[in-house]
Each structure stands twice: as structure tokens, then as C-alpha cells.
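**Q** here is my input, please return the structure:
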Amino acid sequence: MPKSKLARISITLPQSTLIALDKKIVQPDYENRSQAIVEMIHQQLVSKNDQANAVMVGTLTVLYSIQSKNIHYQIIDLQQQYLKQVISSQHIQLDDQKIMQVMLLQGKSHDLKRISQNLIALKGVIKGHLELMDAVMPPLAQNDQQQGQDIAYAKLPTDNSARNTHLSVTSTPDLNTSRGL
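**A** Numbering: from 1, shown residues only. Next up, the predicted model:
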């Protein structure tokens, strides 16, 4: 990705603000004042987009206990309720007690907050964090109008018999031609 073109500006600050800024730069997050100021401006822009309920992209990271009954299925059910906003999801078992799940979300900021609150509120969730960005992904085919096509979701068996089961999907000719099959 090409670097953004930079522009030089000059600002006047109260001495106390400059001292506070310099203290913030001491943290390992920033190499210089410019980097700190750019990050603060970016955070302010994200906040304004959030307040305006703009379409944004974000990640929701959830840490949950595997001891909680059916939490995995509850998460899947919530993701299916918000299929247009949940773009992708990946989980990894961190140890014998905890799983971390990261979801890529896109939609109006208030919807993304509601989705994250519903997921974080599930019994067994240890902690969760939604990070919003002022960016938008290109349109995804599955989020376009369905144009009269029905999509069916099947619940697969949860026991070991699933290994020997085949899922057969019949599609309409229109669906095949729209995907170039």
C-alpha cells in the first residue's frame, strides 16, 4: 500500500498541553510529537463517525471459557442473527479453559456496538473489546440484495457422526451463473 502524502502544519499550544503531550510521547507508543498528534486526531475522527452512526469497520475480540454450556452455539446464533454485519470470524483455543474469538464486523456504528454488547454479555465471556475504525470494506456479494434467491442454513450434527455425513446443496441456475460457475 502506498504511503499517504504528508503535509506540514504549525500549531500553537498552551505550555501545559505541550508538557502533557511530551509525557505521552515518553510512552513506547509514539516516536515523536507528530505521531502522537496524528493518532489523537484519528481517534477524534473515529469518535465523530461513531457519534454520527456512520458505517464503520471493526474487530470484536472475545475471550470466553469453554466450561460455559453452549456458549459456542450461542455465539454462532448471534453471528447468524447479524449475518450482514459479521463478515468473518476466527477462534483459537488458548489453553484447556479459554478460547479467543475475533470477528470482523462492518455496519452502522450503533449496530456494531449492540452486537458486541450482546456477545460480551453472554454467560461465560471473560472479556471482550470492540475496536472501530473509520474505514469501509468493499461491498461483499453476500450482503447485496438477494434478488429472489433463498439461502438455507443447515444445523450439522454435533456428535462424531458429523464426520461421516455429507451435506448436499442444490443451487439455482441463476446462483451458479452469478458466481461464474
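**Q** contact partners of the longest helix anywhere in the chain?
**A** As assigned by DSSP state H, the longest helix anywhere in the chain is helix 33-51. Helix 33-51 has contacts (C-beta atoms under 8 Å, 6 or more residues apart in numbering) with Ile11, Leu21, Asp22, Lys24, Ile25, Asp29, Tyr30, Met56, Ser109, Leu132, Met133, Asp134. The way it works is simple: take the backbone N, C-alpha and C, and place the C-beta from them, glycine included.
**Q** that one: what's the following helix or strand?
**A** Scanning forward in sequence from helix 33-51 by DSSP states H and E, the next helix or strand is strand 55-65.
**Q** what residues of that following strand count as buried?
**A** Using 16 or more other C-beta atoms under 10 Å as the test for burial, strand 55-65 gives Met56, Val57, Gly58, Thr59, Leu60, Val62, Tyr64.
**Q** quick check: the farthest pair among these?
**A** Met56 and Tyr64 (24.3 Å; C-beta to C-beta).
**Q** of all the contacts of helix 33-51, which two lie farthest apart?
**A** The widest separation within the contacts of helix 33-51 (C-beta to C-beta) is 32.4 Å, between Asp22 and Ser109.
**Q** compare these two (neighbour count), which wins?
**A** Per other C-beta atoms under 10 Å, whichever of Asp22 and Ser109 has more neighbours is Ser109, with 21 against 11.
**Q** for that one, what are its contacts?
**A** Neighbour list for Ser109: Asn49, Asp50, Ala52, Asn53, Ala54, Val55, Met56, Leu132 [criterion: C-beta under 8 Å, 6+ apart].
**Q** surely the fourth one is in contact with His110?
**A** Yes - in terms of C-beta atoms under 8 Å, Asn53 counts as a neighbour of His110; the distance is 4.9 Å.
**Q** which stretches of the protein form helices?
**A** 15-26, 33-51, 71-81, 109-120, 173-178.
**Q** and the second one, what's buried?
**A** Meaning helix 33-51. Residues of helix 33-51 classed as buried: Ala36, Ile37, Val46, Asn49, Asp50 (neighbour count, 16+ other C-beta under 10 Å).
**Q** as a markdown table, the residues you listed with pLDDT would be great.
**A** Below are these laid out as a markdown table (pLDDT from 0 to 100):
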| residue | pLDDT |
| --- | --- |
| Ala36 | 81 |
| Ile37 | 82 |
| Val46 | 77 |
| Asn49 | 73 |
| Asp50 | 75 |
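**Q** can I get those in a markdown table including distance to Val125?
**A** Formatted as a markdown table, those follow (distance: C-beta to C-beta, whole Å):
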| residue | distance to Val125 |
| --- | --- |
| Ala36 | 33 |
| Ile37 | 36 |
| Val46 | 24 |
| Asn49 | 26 |
| Asp50 | 22 |
